[in-house]
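Quick one, fold the following:
(one chain, ligands or ions: 1)
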Amino acid sequence: MGIRLDDGVALITGAASGIGAAAAVALAAAGARVVLADLQDCAETERAVKAAGGEAITVRADISRAADVQAVVDRAVEQFGRLDYAFNNAGVEGMAERDIHEADEAAWDQALAVNLKGVWLSMKYEIPAMLRTGGGTIVNGASVAALVAFDKNGSYVAGKHGVLGLTKTAALEYAERGVRVNAVCPGVVRTPFLERFTGADPEVEARYTAIVPMGRMAAPDEIARAVLWLLSAESSYVTGHGLVVDGGLVAR
Ligand SMILES: NC(=O)c1ccc[n+]([C@@H]2O[C@H](COP(=O)([O-])OP(=O)(O)OC[C@H]3O[C@@H](n4cnc5c(N)ncnc54)[C@H](O)[C@@H]3O)[C@@H](O)[C@H]2O)c1
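Prediction:
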């Protein structure tokens, strides 16, 4: 038997697509009841969760807005009575292809509002719900861009470095109160997010995979399995950690 989250309730933000959708299915297959939060409709993810034998509800939300995030957590607790696990994964790509002096202020604000403030807001409302039932585990969606910089994407790099800092802060604050907080740092993952950069053009894709020692992109499920481990009791002594899942990219 693999890793289990039986009887637990898991909230996944950005669950309509890519890594979040794969994580929802993986957590449900491990026995968690899942709450899918996204700006977009999550019908496809809900279907995949149900096909894996799981139970899911969807809450439409913009995770950069406090009232929306609070409503998601309230709905999770109302439906399932508790919150044990959270994967704060929703993210946007930011001010791609611009040097800092050319970048747009509104694009900067939008990227930081989702990628950094959204993670803070998620934890702000999830943690009290977890504390009410004795604790829980959180994985924040970071990136290799939390560890190294990529040019022409300053808002994204700054936001993801911030996510890792916030993850470590939360780990310290709740270490004695039963809440572990870690981050996952994916490299290049084949999702709609990445395809907005590559246009699914094989030549452009080859430039992305050229920087990966394994020579290929990750499948979303390869990230989801790392998230499952971090959320589960298998990682019971791990907190404040950014787990790199990147085919060797930052080892160079
Ligand atoms: N794909 C990659 O190569 C890669 C690499 C490293 C890190 N990441 C990170 O992984 C996470 C997921 O990325 P993905 O590749 O699956 O992207 P994706 O675009 O396929 O999915 C992201 C999901 O987040 C949702 N979302 C965006 N803004 C939101 C908001 N304000 N409120 C609620 N939901 C919102 C979108 O609707 C979408 O369903 C992101 O945080 C991204 O930065 C991705």
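
Identify the residue nearest F150 in space, chain neighbours excluded?
In space, and not counting its chain neighbours, F150 is closest to V157: 6.1 Å by CB to CB, 6 or more residues apart in numbering. C-betas here are computed from N, CA, C, even on glycine.

List the contacts of the host helix or strand of that neighbour.
Per DSSP states H and E: V157 is located in helix 154-174. Helix 154-174 has contacts (CB atoms under 8 Å, 6 or more residues apart in numbering) with 91, 93-96, 98, 100, 103, 107-108, 111-112, 115-116, 119-120, 123, 127, 131, 135, 138, 140-143, 145-147, 149-150, 179-183, 185, 239-242.

Show me which of those are buried.
91, 93-95, 98, 103, 107-108, 111-112, 115-116, 119-120, 123, 127, 138, 140-143, 145-147, 179-183, 185, 239-242 (16 or more other CB atoms under 10 Å).

In which helix or strand does D62 reside?
Short version: D62 belongs to no helix or strand, going by DSSP H and E.

Would you check that it makes contact with D38?
No. The pair D62 / D38 is not scored as a contact, 9.3 Å apart, by CB atoms under 8 Å.

where along this structure do the helices fall?
With helices called from DSSP state H, the chain shows them at 18-29, 43-51, 66-80, 105-112, 118-132, 154-174, 192-198, 202-209, 220-231.

of those helices, which approaches the ligand most closely?
Closest of the helices of the chain to the ligand is helix 18-29, at 2.2 Å (criterion: CB to the nearest ligand atom).

the inter-axis angle of the closest one versus helix 43-51?
For helix 18-29 against helix 43-51, the angle by axes from the mean of the first three to the mean of the last three CA atoms, to 10 degrees is 20 degrees.

circling back to that earlier point, can I get the helices of the chain in JSON lines including distance to the ligand and mean pLDDT?
Putting these into JSON lines (distance: least, CB to the nearest ligand atom, whole Å; pLDDT from 0 to 100) gives the following:
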{"stretch": "helix 18-29", "distance to the ligand": "2", "mean pLDDT": "98"}
{"stretch": "helix 43-51", "distance to the ligand": "9", "mean pLDDT": "98"}
{"stretch": "helix 66-80", "distance to the ligand": "7", "mean pLDDT": "98"}
{"stretch": "helix 105-112", "distance to the ligand": "9", "mean pLDDT": "96"}
{"stretch": "helix 118-132", "distance to the ligand": "6", "mean pLDDT": "99"}
{"stretch": "helix 154-174", "distance to the ligand": "7", "mean pLDDT": "98"}
{"stretch": "helix 192-198", "distance to the ligand": "3", "mean pLDDT": "90"}
{"stretch": "helix 202-209", "distance to the ligand": "8", "mean pLDDT": "94"}
{"stretch": "helix 220-231", "distance to the ligand": "6", "mean pLDDT": "98"}
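
That concludes my questions; thank you for your assistance.
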